[in-house]
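Q: no sequence for this one, just the structure:
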């Protein structure tokens, strides 16, 4: 067995435990487990079922990388290597695993909203997430907006009934989403760009 990173072995182990895998993709994971990122191309990557599971595995890997709420350079390199191994081009993850990506974006956006601290690192995190998932800017906005609209509306409803201090606190939390929405302070309503 080659020197395979623990993060990859953990992702493979977790993915196997959470999914009933058909034989072709199970064999793909066996090869990945044995060769790690030195595997240049998965021979079965053109199989439709393998592509679907490979896309799911990459999204799973991205979710594990986000455990600390950021994608490091090394993790990004690993994600790009997985896409290369499984021949997943820009847009393939979304086409094959739209719901999983929407769920992941909803979780990550909720973390941004829960964080009282808003800074440039949060914006970089959003850009890294967009890159890791192979999303164009418009697609990222659309998916994020759809997944968080109810949460934002609930927060703004609370702000409209709250004190000035509470309104400022909610506005500060929503600033983490400045790439997705703006807030009209006079009416405490969300403005969602097209």
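A: Cool, the structure landed. Please read all numbers here as calculations on a predicted model, not as lab measurements. Numbering: from 1, shown residues only.

Q: distance between stretch 36-55 and the chain's centre?
A: Centre-to-centre, stretch 36-55 and its host chain are 20 Å apart (Cα atoms, centre = their mean, to the nearest Å).

Q: end to end, how far does it reach?
A: End-to-end span of stretch 36-55 (Cα to Cα, to the nearest Å): 17 Å.

Q: Going forward, count from 625.
A: Renumbered: residue one is now 625, and that last one reads stretch 660-679.

Q: and residue 703, that's in a strand?
A: No - counting by DSSP: H, G, I helix; E, B strand; the rest coil, residue 703 is located in no strand; its state is helix.

Q: For burial, what's the neighbour tally of it?
A: Residue 703: 22 surrounding residues under other Cβ atoms under 10 Å. The C-beta positions use only the backbone N, C-alpha and C, and glycine is treated the same way.

Q: Could you report the separation of it from residue 687?
A: Using Cβ to Cβ, to the nearest Å, residue 703 is found at 11 Å from residue 687.

Q: secondary structure element for residue 665?
A: Of the helices and strands defined by DSSP states H and E, none includes residue 665.

Q: does it really touch residue 706, like I thought?
A: No - using Cβ atoms under 8 Å, residue 665 is not in contact with residue 706, being 11.7 Å away.

Q: Pop out the phi and psi values for residue 675.
A: phi -60, psi -40 (degrees, to the nearest 10).

Q: How about it, nearest residue that isn't a chain neighbour?
A: The spatially closest residue to residue 675, leaving aside those adjacent along the chain, is residue 720, at 6.3 Å (Cβ to Cβ, 6 or more residues apart in numbering).

Q: give me every residue that touches that neighbour.
A: 675, 676, 679, 680 (Cβ atoms under 8 Å, 6 or more residues apart in numbering).

Q: can I assume the first one is in contact with residue 719?
A: Translated: residue 675. No - taking Cβ under 8 Å as the definition, residue 675 is not a contact partner of residue 719, at 9.5 Å.

Q: Comparing the two, which residue is more hemmed in?
A: Comparing residue 675 with residue 719 by other Cβ under 10 Å, the one with more neighbours is residue 675, at 20 against 13.
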